[in-house]
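Colleague: how would this look folded up:
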Amino acid sequence: TDPNTLEYRKKHVVIGKHSTSYGSGLGDAPFQDKKKSAMDLAKWKKQFQLKFQQTQDPDCLVFDMIGIDAAIANAIRRILIADVPTVAIHRCYILNNTSVMQDEVLAHRLGLMPICVDPDLFEFPVQDTVETMIDSIPEPQPNANLVFRLNVKCERDPSGQLQNEIVYSKQLKWVPIGDQKKRFKQNPPKFVHEKIMIVKLAEGQTIDLTVHCAKGIGRDHAKWSPVATATYRILPSISFKKELSQEQAQELVDVCPLNVFEIENQAVVAKYPRRCTVCRECIRKPGWDDLVALGRVRDHFIFSVEGTGSIPPTKIFFTALDILQGKIDRLAKNLEKETE
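Modeller: I've put the predicted structure just below:
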């Protein structure tokens, strides 16, 4: 494979010893053929691929998206982080707090704890006002809010052991409002992890508070983001410009820190290209860049989505696609209005 050919540059980002070349390409992938319209949907459908990879963690999703432009891949990544709605603690009404943690820090800490509940069962808050001074806790709305209560005091039991010395997320108790007890009978709302440490209490210290949860998106606050991380990387491409000798093949296997290469049938092969981080160790030695062609496949993106546990990662992904479709539809309608 010769990275100097036009065909190679169309499909790959070329990785050199000291620089990266042809990052923007000669056209918008995958529509490289200038003789055809970039809006050829039938052609795009034939070359587009979506491949899901197996993972051990149920809160993680890894998939390959092949045949799209980097702009679309990045749009999906941004939507995963900022536009997919979840339910999180939005208002914290602290009645008593004698712990060492300040009220505002305690409220912020509570807000970042992910809640396992389907956001589709709730509506976005109609009105969001900030109350600086209140005489009583506002009335929550069953179709827009969840309510949790926390009332703990650190005391010694008859044996002399401290009780409630450490306050965990499982000690926040769900308080059904309206018809929620019936609606959530099979799957009551709860925090994703039972042992999230909130605060430590000394003997005699107490915390008494009520929290109201609401539906929102990460664009407004990070507590509503459904993912801990949502990233993509472009698939590495490793090929050989010339046939390598036995000594060179073994040297290449030994120099790679991630064991990308193996020797099969007395020839070296890049058996695990997904492991490659393009560290350039295989072309760092003088002359090796004339033997190994290192690059990235321009339109092959490997996504890694790690959910917080509030929503299954597959649902996060497909919800993100629906949101992207909605954005495209709104853009199309606005363009039609402008052209009328």
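Colleague: burial check on Cys213, number of neighbours?
Modeller: Other residues near Cys213 come to 23 when the count uses other CB atoms under 10 Å. (Glycine included, C-beta is placed from N, CA and C.)
Colleague: so for the longest strand seen in the chain, mean pLDDT?
Modeller: For the chain, the strand reaching the highest residue count under DSSP state E is reported as strand 292-307. Averaging pLDDT along strand 292-307 yields 94.
Colleague: check which element follows it along the chain.
Modeller: helix 313-339 (DSSP states H and E).
Colleague: for that following helix, packing partners?
Modeller: Secondary-structure packing of helix 313-339 (3 or more CB pairs under 8 Å, 6 or more residues apart in numbering; DSSP states H and E): strand 60-66, helix 70-82, strand 292-307.
Colleague: give me the domain ranges for the protein.
Modeller: 6-29+44-82+228-324, 87-223 (automatic domain parsing).
Colleague: tell me which strands and helices the longest strand of the chain is in contact with?
Modeller: Against strand 292-307 (3+ CB pairs under 8 Å, 6+ apart) you get helix 6-11, strand 12-15, strand 60-66, helix 70-82, strand 227-240, helix 281-284, helix 313-339.
Colleague: report the buried residues of the longest one.
Modeller: In this case it means helix 313-339. The neighbour-count check on helix 313-339 (16 or more other CB atoms under 10 Å) flags 313, 315-317, 319-320, 323-324 as buried.
Colleague: for the residue lying closest to Arg296 once chain neighbours are set aside, what are its contacts?
Modeller: Nearest non-adjacent residue to Arg296, counting by CB to CB, 6 or more residues apart in numbering: Ile234, 4.0 Å away. Applying CB atoms under 8 Å, 6 or more residues apart in numbering to Ile234 gives the contacts 13, 70, 296-298, 300-302.
Colleague: one step back: least reliable of the helices and strands packed on strand 292-307 going by mean pLDDT?
Modeller: helix 6-11 (a mean of 83).
Colleague: tell me which residues of that helix come out buried.
Modeller: With burial defined by 16+ other CB under 10 Å, the residues of helix 6-11 counted as buried are 8-11.
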